[in-house]
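A.B. asks: show me the folded form of this:
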Amino acid sequence: MNRAKIVVGTSFLVSLFLYIFEQGIGMPYPVKTAVKLLLFIGVPFLFYAYFPKPHLKKKKEQWKSPLLFGIVAFVVLLCSYWLTKDLIDFTEIRSYLKRDLGITPTTFYAVGFYIILGNSWIEEWFFRGFIFQNLLSLGKRRIGYVYSSGLFALYHLASIQGWFSLPLTLVALAGLFGIGMFFSFLTEKAGTYKGSWIVHMIADLAIILIGLHAFGWY
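C.D. replies: Down below sits the predicted model:
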């Protein structure tokens with residue numbers, strides 16, 4: 001069996017299912033999170049029950065550069081927020097969080113904690129650890145970069161769809177694609193997705209702080 005096709009096919013179906021689940025079914029955030037956990041963790045483990053894990057050469061130094069990049073991302077995100085906050089309707093986003101996901105000012109702190117530590121790891125495990133590292137180890141480097149980054153961006157469309165105008169949505173998708181490419185680069189250089197996870201965590205910390213300020217929740 002073609003392992004690369006299995007990785008691409010299963011990851012695409014998982015992302016498509018989660019997009020439909022997010023858009024078509026009015027479920028609270030904990031339920032959607034549980035389904036995402038089941039698929040993003042379970043599908044790779046099922047794959048590894050039949051195929052060996054990718055073996056990439058890991059570098060001893062895996063923390064300093066990601067930490068530096070994470071701090072840069074933190075500053076860039078905060079500056080971007082202050083420069084563009086007047087172009088975004090945060091009232092609509094806050095309404096969506098409350099109405100569709102059941103997230104309130106009280107629960108937002110718990111959700112933010114999970115997003116920073118848990119959700120960041122799950123996404124890196126799936127998009128970089130499962131998709132990119134497998135394709136890279138199979139000699140599909142270019143496809144690994146483009147496909148994992150493109151799917152990473154499109155996967156997030158379910159979350160941001162309807163939040164912004166079409167031009168801003170396209171800019172956001174392009175930004176997510178670029179972030180995915182950069183995370184894949186870090187994964188290739190370090191030989192593990194853990195470096196990109198560090199950057200992801202720090203970036204998510206900035207996003208949560210931005211959300212708390214934008215929604216007037218602190």
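A.B. asks: what strand or helix carries the spatially most central residue of the chain?
C.D. replies: For the chain, the residue sitting closest to the mean C-alpha position, by Cα atoms, centre = their mean, is E123 at 4.8 Å. If you go by DSSP states H and E, E123 is part of helix 120-123.
A.B. asks: if you count neighbours, what's buried in the following helix or strand past that helix?
C.D. replies: The first helix or strand that comes after helix 120-123 along the chain, using DSSP H and E, is helix 133-137. Neighbour counts using 16 or more other Cβ atoms under 10 Å place 133-137 of helix 133-137 among the buried residues. To be clear about C-beta, it is placed using only N, CA and C from the backbone, and glycine gets the same treatment.
A.B. asks: so what's S148 up against?
C.D. replies: For S148, the contact set (Cβ atoms under 8 Å, 6 or more residues apart in numbering) comprises 127-128, 131-132, 135, 180, 184.
A.B. asks: for W197, same thing?
C.D. replies: Applying Cβ under 8 Å, 6+ apart, we find W197 in contact with 120-121, 124.
A.B. asks: for whichever strand or helix holds T33, buried residues please.
C.D. replies: Under the criterion of DSSP H and E, T33 resides in helix 29-48. Going by neighbour count (16+ other Cβ under 10 Å), the buried part of helix 29-48 is 32-33, 35-36, 39-40, 43-44, 47.
A.B. asks: could you list the residues in contact with that helix?
C.D. replies: Contacting residues not belonging to helix 29-48 are listed as 6-7, 10-11, 14, 17-18, 21-22, 27, 101-103, 111, 114, 119, 122-123, 125-126, 129-130 [Cβ under 8 Å, 6+ apart].
A.B. asks: what is the mean pLDDT for the following helix or strand past that helix?
C.D. replies: Once helix 29-48 ends, the next helix or strand along the chain (criterion: DSSP H and E) is helix 64-84. When pLDDT is averaged along helix 64-84, the result is 84.
A.B. asks: tell me the helices and strands packed up against helix 64-84.
C.D. replies: With contacts taken as 3 or more Cβ pairs under 8 Å, 6 or more residues apart in numbering; DSSP states H and E, helix 64-84 sits against helix 166-190, helix 194-214.
A.B. asks: mind listing what's buried along it?
C.D. replies: Within helix 64-84, the residues scored as buried using 16+ other Cβ under 10 Å are 65-66, 69-70, 73-74, 77, 81.
A.B. asks: that one vs helix 194-214, what angle?
C.D. replies: Counting by axes from the mean of the first three to the mean of the last three Cα atoms, to 10 degrees, helix 64-84 lies at 30 degrees to helix 194-214.
A.B. asks: next one: phi and psi at F12?
C.D. replies: phi -70, psi -40 (degrees, to the nearest 10).
A.B. asks: buried ones from the contacts of helix 29-48, can you make that a PyMOL selection?
C.D. replies: A single PyMOL command suffices to select whichever of the contacts of helix 29-48 are buried according to 16+ other Cβ under 10 Å:
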select buried, resi 7+10+11+14+18+21+22+27+101+103+111+114+119+122+123+125+126+129+130
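A.B. asks: any idea how far G118 is from F51?
C.D. replies: F51 is 26 Å from G118, where distance means Cβ to Cβ, to the nearest Å.
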